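Engineer: one predicted model, sequence on top.
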Amino acid sequence: MTSSLLNGLTLYGDPISGNCHKVKWTADYLDIPYEWVTVDVVTGEARAPDFQKVNPLGKVPFLKLGDGRGLPESNAIILFLAETAADDKGLLPQDPFTRAQLHSWLFWEQYSHEPAIAVRRFQKHFLKKADDEIAPDLLARGIAALSTMEMQLSYTDYLVGDGLTLADIALVAYTRLAHEGGYDLAPYPGVGAWIERVEGELGL
C-alpha cells in the first residue's frame, strides 16, 4: 500500500537538469503522481523571491509534500520516494550490503561525477563557453569518473546487483548527456551499453 505521504506531491524542477530528471524518472517509474512546476535556472527563477518562499535554498529539484513540508537534494528525494512507495520494482535492494553499495554510488555521483560532467555540460552547452574559458580540470575529472564507471560496467549490466536501482537512475541522468559537455563516450563501451539499457527500462 502506498503511503499517504505521497499524496499531493509537487515537484519543482528544470527540464534541462539531470538532477531534476532523476527525480522525475523515479516518480514515473514507481507510478507516483505529482504536479510538475518548471523553474528556469538559466534565467534565474530559482533565485527569485517567489520561489525562495517555497525553497529558501533557491535550488531545484525540490519536492513539496501535500502537508507542506519540503525536501531538497535530488538523491535525498529519490531515496524518499523509493522508501515511501510500494517499491515492488527493486530500486532499493533489500540486502543491507547491496543497499550500502547503492548509497556509495549516490555519494560518489554527487562528489566525483556531477561536479565535473554536469558543470562542464552546463558551461559548454548552455552558457556557450569556449573550451579555453572552462576550468581545464573539469575535463580530466569527468574522464576519470567515466573510467571508473567503465571499470564496473565492463563486467556487470548494472551498477549494483542484478537489476535497475536508484544508482543507475542517479548516474545515467548526466552520463547520457556527457557529450554535451565535450566528453567522448566512444572509449567507454560498457557505459554506452548501460546507458541504452537503463534508458530502455525507463522508457526514455
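Structural biologist: Here it is on my side, so go on. Numbers count the residues shown, from 1 in each chain.
Engineer: and residue 157, how far from residue 136?
Structural biologist: 34 Å (CB to CB, to the nearest Å). In short, each C-beta sits where N, CA and C put it, glycine included.
Engineer: so those two - more neighbours on which side?
Structural biologist: residue 157 (15 against 9; other CB atoms under 10 Å).
Engineer: skip the chain neighbours and tell me the closest residue to the more buried one.
Structural biologist: Of all residues not flanking residue 157 in the chain, residue 197 sits nearest, at 6.3 Å (CB to CB, 6 or more residues apart in numbering).
Engineer: am I right that that neighbour sits in a strand?
Structural biologist: No - assessed with DSSP: H, G, I helix; E, B strand; the rest coil, residue 197 is helix; it does not lie in a strand.
Engineer: ok, it to residue 156 distance?
Structural biologist: 11 Å.
Engineer: residues of the helix or strand hosting residue 100 that come out buried?
Structural biologist: Following DSSP states H and E, one finds residue 100 within helix 96-108. By 16 or more other CB atoms under 10 Å, the buried positions in helix 96-108 come out as 99, 101-102, 105-106, 108.
Engineer: and the helices in this structure?
Structural biologist: Assigned by DSSP state H, the helices in the chain fall at 18-29, 49-54, 74-84, 96-108, 114-121, 137-153, 166-175, 189-202.
Engineer: tell me the most buried of these?
Structural biologist: helix 166-175 (a mean of 27; mean count of other CB atoms under 10 Å).
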